[in-house]
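Asks: Here is my input; please provide its structure:
(2 chains)
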Amino acid sequence: MKTSCANYISEIGRDRLKDMLYQMLLIRRFEETVERLFMQGKIHGTMHLCIGQEPTAVGACAALTNEDKITSTHRGHGHCIAKGTDVPRMMAELLGKKTGHCKGKGGSMHIADLEKGNLGANGIVAGGLPIACGAALTSLKKQAGFVVVCFFGDGATNEGSFHESLNLASIWNLPVIFFCENNQYGMSGNIKEMTKIEHLSERASSYGIPGEIVDGTDVLQVYEVTAKAVERARNGEGPTLIEAKTYRWKGHSRSDARKYRAREEEQDWMNNKDGIKSFREQLLRDRAVTEQEVIEIEERVKQLLEEATEFAENSPEPSIESLEADVYA
Amino acid sequence: MRQITYAEALKEVMSQEIKANENVFILGEDIGIYGGAFGVTNGMESELGRDKVLSTPISEAAISGVAVGAALTGMRPILELQFSDFITIAMDQIVNQAAKLRYMNGGKGSIPMVVRTPGGSGAGFAAQHSQSLEAWMTHIPGLKVVQPSTPYDAKGLFKAALDDDNPVIFYEHKLLYGIRGEVPEETYSIPLGKADIKREGSDVTVVATSIMVHRALQAADQLKKEGISVEVIDPRTLVPLDIDTIVNSVKKTNRAVVVYEAVQRGGYGAEIASLINESEAFDYLDAPVTRLGGKAVPIPYNPNLEKKAVPQVEDIVNAVKSTLVTLAK
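Replies: Modelled structure (predicted):
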């Protein structure tokens, strides 16, 4: 049973609920668009799609202000969009264009948007955790009041950096929220085979911080739990570990034949645990949106992605002269 | 002018900078009341407070990443890595994150941080606490690498490193902490990328780094008695490297010996030798450019063996004589 929208209509307002739906749809359609562009040979390298995980990015970022910061992962398109990035420039980055957020030098795995508080996706598993702690330390030192949401996957919880960072954040009371998107697989490794505990959130107890479990397909539950952790962090009560149970519908990357999991399992998540479908139904049921508004949202998403794709495809390549620029400040 | 030690010069400039700039702080293991493994931060915690002198858990991956995240969000952290061997544990954050974030972001953001860390053998710490791994760092675009050899240089180069908007790896040397030299009380800056001619000479150019500068100067004293005039050049910073000063010297002396403590194979001295060979100095050479580095062994514990593992004064004397013999052929 999903969290009912009814309470939220008065608490955060219809507009924000509608915006959550818009954001989740935008992420899904963005991923579908870039997958198509990849198949057409317009995007090179690889990419890691977050279809199925939209509620975690949107629910968590909905609890943040523009001044708050995030660190992201190799599966970071959703985080980037949910933190309010300019989608055409993001698309341009994926196409390696000069107009991209990173002038075509970062690509899918390294998108950062510092103006929006996105300190960057990261190609290194658990690479963002220590950086998030550093940003949170800045917040304390400058009394800046911002918090940092650090996204990572289940695989990262077996990296040393995860443990070092949770311990450090705990002893220093850092305003950081460790947000684990447990999509069950670290590349091909089933987390149940890679660790003995059932819930990764249990690891919080080793560091004397709260550990929360949320249904990662329930955007409102994600929002609520994150908002509580954000409030704790802002009040100087330190970090929280949140584990969101979720699933990536697609393979790890473009080259993944998904031999390590059953098609039935995938079908179950796609048919029965689609966080966008359930949220849309709830919004309609609770009369937070009308059918017409849902159609309009779909149309806005479609238009933005058409614009983004056109902008990206028509944007210039970075100049060869830019190759050696920006290595040093 | 007053004389202070290399360690005191470092402590003085750090304290001055922390007082002068609210964004500067130092973090590291045992740097508080203990004063750091080599006493460099002795008394800083009581003078400046625990807010400015942060003792950390033994978590090199996390604390190096904390420095990255803090730097990316507006601070100017100094990270003390207790022994330079421990950079192996901090490698992801330094190599994959600090060095690359700006470039991956298309030139947005900067990582102004200084990693202070003692390298070198001769103190009896054996294989895991005595290495000279600076060549690894010089290999990474995005990092700057500094190796001061005197108290005066340590203070001035540190100020420049801290004022630099890039990650700087600042290699100190265990055996140099206690050496004394003239150091002004006020702060001053020695630009990164400016070599220093430590002794003028006309027969052979010896390019030496860190502790080897002192051994080269002693060798030059001995060789003078035999009528051989040695010019000793200390690059002081490996990245950026002041190759011009070296090339000009070699054009004058027609011979060069590059002396460094690190394992000779793949060491930075090979880079310097290559740069000389590729420069206009090539036409002036009367002998092949020679490298004199450490043996390809882990640093042994036994003091006699330890000495034999890296160049000593007599090895430099012999290397210089060999290069002169080549001339005679």
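Asks: for A:N66, helix, strand, or coil?
Replies: Judged by DSSP: H, G, I helix; E, B strand; the rest coil, the three-state class of A:N66 is coil.
Asks: check contacts around A:M24.
Replies: Counting by Cβ atoms under 8 Å, 6 or more residues apart in numbering or on different chains, A:M24 makes contact with A:54-55, A:58, A:219, A:275-276, A:279. C-beta: built from backbone N, CA, C; applies to glycine.
Asks: repeat that with 6 Å
Replies: A:54, A:58, A:276 (Cβ atoms under 6 Å, 6 or more residues apart in numbering or on different chains).
Asks: Help me confirm that A:I276 is found in a helix?
Replies: Yes: checked against three-state DSSP, A:I276 lies within a helix.
Asks: Phi first, then psi, for B:L79.
Replies: phi -110, psi 120 (degrees, to the nearest 10).
Asks: three-state assignment of the nearest residue to it once chain neighbours are set aside?
Replies: Using Cβ to Cβ, 6 or more residues apart in numbering or on different chains and skipping the chain neighbours, the partner closest in space to B:L79 is B:A67 (4.3 Å). Three-state call for B:A67 (three-state DSSP): helix.
Asks: and if you look at B:V206?
Replies: Three states are possible here, and by three-state DSSP the one that applies to B:V206 is strand.
Asks: ok, which stretches of chain B are strands?
Replies: Secondary structure of chain B by DSSP state E: the strands cover B:3-5, B:24-28, B:53-55, B:76-80, B:114-119, B:144-146, B:168-173, B:180-182, B:196-199, B:204-208, B:230-234, B:237-239, B:256-263, B:290-294.
Asks: The third one near chain A at all?
Replies: No: using Cβ under 6 Å from any Cβ of the partner chain, we find that strand B:53-55 stays clear of chain A, coming within 8.1 Å at best.
Asks: what mean pLDDT does that strand have?
Replies: Confidence over strand B:53-55 (mean pLDDT, whole number) is 97.
Asks: cool, the fifth one as well?
Replies: Mean pLDDT, strand B:114-119: 98.
Asks: what are the phi and psi angles of residue 43?
Replies: All of this is about chain A. Listed backbone geometry of A:I43 is phi -120, psi 130, with angles given as degrees, to the nearest 10.
Asks: go on, A:D326?
Replies: The phi/psi pair for A:D326 (degrees, to the nearest 10) reads phi 70, psi 20.
Asks: burial count for residue 88?
Replies: All of this refers to chain A. Using other Cβ atoms under 10 Å in any protein chain shown, A:P88 is surrounded by 19 other residues.
Asks: I was thinking of chain B, sorry if that wasn't clear
Replies: 12.
Asks: Also B:I111?
Replies: The burial metric for B:I111, expressed as a neighbour count using other Cβ under 10 Å, is 26.
Asks: Just say which of the strands of chain B is most tucked in.
Replies: Across the strands of chain B, the average number of neighbours (mean count of other Cβ atoms under 10 Å in any protein chain shown) peaks for strand B:204-208, which reaches a mean of 29.
Asks: Look at the residue nearest to B:L79 and report its pLDDT.
Replies: For B:A67, the pLDDT comes out at 98.
Asks: Contacts only, for it.
Replies: Contact partners of B:A67, counting by Cβ under 6 Å, 6+ apart, are B:77, B:79, B:113.
Asks: what about chain B, any weak spots by pLDDT?
Replies: Where chain B drops to pLDDT under 70, the residues are B:326-329.
Asks: how about the residues of it near chain A?
Replies: For chain B, the residues in contact with chain A (Cβ under 6 Å from any Cβ) are B:57, B:59, B:61-62, B:65-66, B:68-70, B:73-75, B:92-93, B:96, B:102-110, B:141-142, B:165-166.
Asks: Report the buried members of these.
Replies: Of all these considered here, the ones buried according to neighbour count by 16 or more other Cβ atoms under 10 Å in any protein chain shown are B:59, B:61-62, B:65-66, B:68-70, B:73, B:75, B:92-93, B:96, B:102-110, B:142, B:166.
Asks: Would you mind measuring from the residue nearest the centre of chain B to B:S55?
Replies: Nearest to the mean C-alpha position of chain B, counting by Cα atoms, centre = their mean, stands B:Q147 at 1.5 Å. Here B:Q147 is placed at a distance of 26 Å from B:S55 (Cβ to Cβ, to the nearest Å).
Asks: Ok, A:G123 next?
Replies: Counting by Cβ to Cβ, the gap between A:G123 and B:S55 amounts to 31 Å.
Asks: which residues sit in contact with the closest residue to B:I94 other than its chain neighbours?
Replies: Of all residues beyond its chain neighbours, the one nearest B:I94 is B:S64 (5.8 Å), with distances taken as Cβ to Cβ, 6+ apart. B:S64 makes contact with B:90, B:93-94, according to Cβ under 6 Å, 6+ apart.
Asks: could you redo the last one with a cut-off of 7 Å?
Replies: A:130, B:79, B:90, B:93-94 (Cβ atoms under 7 Å, 6 or more residues apart in numbering or on different chains).
Asks: same check, this time on A:I43
Replies: Here A:I43 is in contact with A:34, A:37, A:94-95 (Cβ under 7 Å, 6+ apart).
Asks: just checking, which of those residues belong to helices?
Replies: Within the contacts of A:I43, membership in helices is found for A:34, A:37, A:94, as judged by DSSP state H.
Asks: Make a markdown table from those residues and add neighbour count, distance to chain B and pLDDT to it.
Replies: What follows is these, written out as a markdown table (neighbours: other Cβ atoms under 10 Å in any protein chain shown; distance: Cβ to the nearest Cβ, whole Å; pLDDT from 0 to 100):
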| residue | neighbour count | distance to chain B | pLDDT |
| --- | --- | --- | --- |
| A:V34 | 24 | 19 | 97 |
| A:L37 | 18 | 20 | 96 |
| A:L94 | 27 | 13 | 96 |
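Asks: residue ranges for the strands of chain A, please.
Replies: Assignment of strands within chain A using DSSP E yields the ranges A:69-71, A:148-153, A:176-182, A:185-186, A:189-190, A:211-215, A:240-245.
Asks: looking at those, which is closest to B:D203?
Replies: Comparing the strands of chain A against B:D203 with Cβ to Cβ, the closest turns out to be strand A:69-71 (56.4 Å).
Asks: For the stretch 151-300 of chain A, give the residue positioned nearest to chain B.
Replies: When distances are taken as Cβ to the nearest Cβ, the stretch 151-300 of chain A approaches chain B most closely through A:E164, which lies 3.5 Å from it.
Asks: Just list the residues touching that residue, thanks.
Replies: Under the criterion of Cβ under 7 Å, 6+ apart, the contact partners of A:E164 comprise B:59, B:61-62.
Asks: Kindly report the same for B:N23.
Replies: With contact taken as Cβ under 7 Å, 6+ apart, B:N23 is in contact with B:74-76.
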